[in-house]
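J.: Got a predicted structure here, sequence first:
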Amino acid sequence: ASPNDERYMEVQSTVLHDGVGGMLGCLVVLHDVTARTLAQAVLKESEEALVRDIRERERLERENERLLEDARRRAAEADTLRQAAAAVAASLQLDTAIDRILDEVKRVVPYDAGAVWLVSGDLLVALGMRGPGIERLSRSRAERERDGGWHDWLRGGADAVTVAASLLEGPTREVVERRRPVLIGELGPQTALIPGSPTKGMSSWLGVPLVVHDRLIGLMELANIQAARFGTDEAQMAEAFADQVAVALENARLFEETQRLAVTDPLTAVHNRRYFFDQGEKEFARARRYPPKDLSAIMLDIDHFKLINDRFGHATGDVVLKEIARLCRDELRTVDIFARMGGEEFAALLPETDLSGAFLTAERLRARIESLEAEGIPHTTVSIGIAEATPECAGVGMLLTWCDRALYGAKEQGRNRVNAFTLRDNVQPDFV
């Protein structure tokens, strides 16, 4: 060993005495324990390293367990999200899609109140709502057919819950403008939410935009009665679900728009002949069920329409058609089936209406059209034929044939009048 090496020595000393108890001196023995001391230091360091290693292993095991549990949770959430999105995307009917959205999102992010809003022009229209005291707010197929489809609903018609987008305030406005989720841990009494929203009175709120191809088509809002119920994880899940919802809603909207256009007259925006017969046969079958119900029809033809086109031009003729269609649609009931049958001819099917009721309706239409005054529209009259579906009537086609025969009679009698068909007019008519 070099002179500069540290040495560890163990000292043992013994006092020497003489025979009478006097101290003679001290015996000192030195033992070199450097090797032993160094070995003990190495052993202690090894033990400490082992303890640290055990603790690190325990920490890693806990972390791995946490990560595994987190992975399982995320896998379960992803599977729930996939199933929920698949359920929503499975329907191309808007009413079904809306109901499924509100049902399935509860599996992804549990809520106590929620709503789906769609952008329509400068309006936000509530397509569906869930919440305390709200059993359901999304229209059935029958309601769509009655009120003119989602097209009219999205224009704020019927009993739609709407709000001007420009009047939005607070967190809802932030969702619309920034197009990202917004969390409110605790709603204050002055927090501005959408008027008519079922989330009022809740404690925590989550709003998520519905975006398709960088275009905002609406928003989904969820609320919980508990404060701070929603966090970053819920916002991320809701946003992922909203991406699927937006695509499903857009697909359903486009599908229903295509269906609407297929049964809509492009000029007058009323239903066409195809729709009239499709829905008319259903109404006819309903009227034949026990107990049988009254059913009548009206066929209306514009008098001297060719002369209007020849004298004033086809553009004026188109305006006349649109005005008469609008007037008839406004005058008729929502349960009545009204359509443009072609050219200047219109027809209406009147459920639970007998011949006398059909006559009153037809006469009211005739008088309103005769008194119609609008800029650029010449004085116009119509001839109308009416008929009732008696037990001898075999279907809507026969009923319209009877109306057509009555209409022909109105023309022969001088036009601008209502004429009713009875079986006495023609016992065995030719049917179409």
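T.: Cool, the structure landed.
J.: any idea which helix or strand comes after the strand or helix carrying residue 46?
T.: Residue 46 is part of helix 34-89, with elements assigned from DSSP states H and E. Next helix or strand after helix 34-89 toward the C-terminus (DSSP H and E): helix 94-108.
J.: what's the angle from whichever helix or strand comes after that next one to helix 94-108?
T.: Per DSSP H and E, helix 94-108 leads on to strand 113-120 as the next helix or strand towards the C-terminus. Between strand 113-120 and helix 94-108, the angle comes out at 140 degrees (axes from the mean of the first three to the mean of the last three Cα atoms, to 10 degrees).
J.: which strands and helices sit next to the next helix or strand along the chain from strand 113-120?
T.: Using DSSP H and E, the helix or strand that directly follows strand 113-120 along the chain is strand 123-130. Here strand 123-130 touches helix 94-108, strand 113-120, strand 162-164, strand 215-224, going by 3 or more Cβ pairs under 8 Å, 6 or more residues apart in numbering; DSSP states H and E. The C-beta positions use only the backbone N, C-alpha and C, and glycine is treated the same way.
J.: again, only using 6 Å
T.: Under the contact definition 3 or more Cβ pairs under 6 Å, 6 or more residues apart in numbering; DSSP states H and E, strand 123-130 sits against helix 94-108, strand 113-120, strand 162-164.
J.: Contact partners for residue 340?
T.: Contacts for residue 340 were tallied using Cβ atoms under 6 Å, 6 or more residues apart in numbering; they are 265, 268, 270, 346.
J.: Mind jotting down where the helices sit in the stretch 201-350 of the chain?
T.: Taking DSSP state H, counting those that start in this stretch as the test, the helices found in the stretch 201-350 of the chain are 232-262, 273-288, 305-312, 314-331.
J.: contacting residues around the last one?
T.: What that stands for is helix 314-331. Here helix 314-331 has contacts from 268, 270, 308-309, 338, 365, 368-369, 374, 377, 380, using Cβ under 6 Å, 6+ apart.
J.: just how off-centre is it within its chain?
T.: 33 Å (Cα atoms, centre = their mean, to the nearest Å).
J.: At the geometric centre of the protein, which residue sits there?
T.: Centroid-nearest residue in the chain, with Cα atoms, centre = their mean: residue 98, separated by 4.0 Å.
J.: just to revisit the earlier point, would JSON lines of the contacts of helix 314-331 with distance to residue 386 be doable?
T.: Putting the contacts of helix 314-331 into JSON lines (distance: Cβ to Cβ, whole Å) gives the following:
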{"residue": "268", "distance to residue 386": "21"}
{"residue": "270", "distance to residue 386": "19"}
{"residue": "308", "distance to residue 386": "24"}
{"residue": "309", "distance to residue 386": "26"}
{"residue": "338", "distance to residue 386": "14"}
{"residue": "365", "distance to residue 386": "10"}
{"residue": "368", "distance to residue 386": "16"}
{"residue": "369", "distance to residue 386": "15"}
{"residue": "374", "distance to residue 386": "26"}
{"residue": "377", "distance to residue 386": "25"}
{"residue": "380", "distance to residue 386": "20"}
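J.: Under the pLDDT cut-off, which ranges of this structure? List them.
T.: Low-confidence segments of the chain, defined by pLDDT under 70: 1-4, 73, 76-85, 87-92, 133-160, 424-432.
J.: again, only this time at 50
T.: Applying pLDDT under 50 to the chain flags the ranges 136, 138-158, 427-432.
J.: what about residue 347, how many neighbours?
T.: 28 (other Cβ atoms under 10 Å).
J.: no, scratch that, I was asking about residue 72
T.: Neighbours around residue 72, by other Cβ under 10 Å: 10.
J.: where's it relative to residue 65, distance?
T.: Residue 72 is 10 Å from residue 65, where distance means Cβ to Cβ, to the nearest Å.
J.: now residue 341
T.: 73 Å.
J.: Have a look at these two and say which one is more surrounded.
T.: Comparing residue 341 with residue 65 by other Cβ under 10 Å, the one with more neighbours is residue 341, at 19 against 10.
J.: isn't residue 172 right next to residue 194, touching?
T.: Yes - when contacts are counted by Cβ atoms under 6 Å, residue 172 is listed as touching residue 194 (5.3 Å).
J.: Please indicate which of the contacts of residue 340 are buried?
T.: Neighbour-count burial (16 or more other Cβ atoms under 10 Å) is assigned, among those, to 265, 268, 270, 346.
J.: want to throw the residues you listed into a markdown table with distance to residue 55?
T.: Conversion of the buried ones among the contacts of residue 340 to a markdown table gives the following (distance: Cβ to Cβ, whole Å):
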| residue | distance to residue 55 |
| --- | --- |
| 265 | 80 |
| 268 | 82 |
| 270 | 80 |
| 346 | 87 |
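J.: Show only the entries of those residues found in strands.
T.: residue 346 (DSSP state E).
J.: Would you mind measuring from residue 223 to residue 344?
T.: Residue 223 is 54 Å from residue 344, by Cβ to Cβ.
J.: Looking at the two, which is more packed in?
T.: Between residue 223 and residue 344, residue 223 has the larger neighbour count (other Cβ under 10 Å), namely 27 against 21.
J.: Just list whatever residues bridge to that one.
T.: For residue 223, the beta-bridge partners under DSSP bridges are residue 113, residue 205.
J.: residue contacts, it?
T.: 113, 199, 202, 205.
J.: quick check, nearest of those residues to residue 20?
T.: residue 205 (101.9 Å; Cβ to Cβ).
J.: For residue 50, see how far away the closest one is.
T.: Taken as Cβ to Cβ, the span from residue 205 to residue 50 is 53 Å.
J.: Export only the CA atoms of stretch 327-345, formatted as CSV.
T.: Output of stretch 327-345 as CSV, limited to C-alpha atoms (Å, rounded to 0.1, in the frame of the first residue of the first chain):
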residue,chain,number,x,y,z
LEU,A,327,-102.9,29.3,-50.6
CYS,A,328,-104.3,25.7,-50.7
ARG,A,329,-101.6,24.4,-48.4
ASP,A,330,-102.4,27.2,-45.9
GLU,A,331,-106.1,26.6,-46.1
LEU,A,332,-106.0,22.8,-45.8
ARG,A,333,-105.5,20.9,-42.5
THR,A,334,-102.2,19.3,-41.6
VAL,A,335,-103.8,15.9,-41.9
ASP,A,336,-105.0,16.5,-45.4
ILE,A,337,-102.8,15.2,-48.3
PHE,A,338,-102.2,17.9,-50.9
ALA,A,339,-100.2,17.5,-54.1
ARG,A,340,-99.6,18.9,-57.5
MET,A,341,-100.7,16.2,-59.9
GLY,A,342,-99.2,17.7,-63.0
GLY,A,343,-99.6,20.8,-65.1
GLU,A,344,-102.2,23.1,-63.6
GLU,A,345,-103.9,20.3,-61.7
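J.: so how far is that stretch from its chain's centroid?
T.: Distance, centroid of stretch 327-345 to centroid of chain: 30 Å (Cα atoms, centre = their mean).
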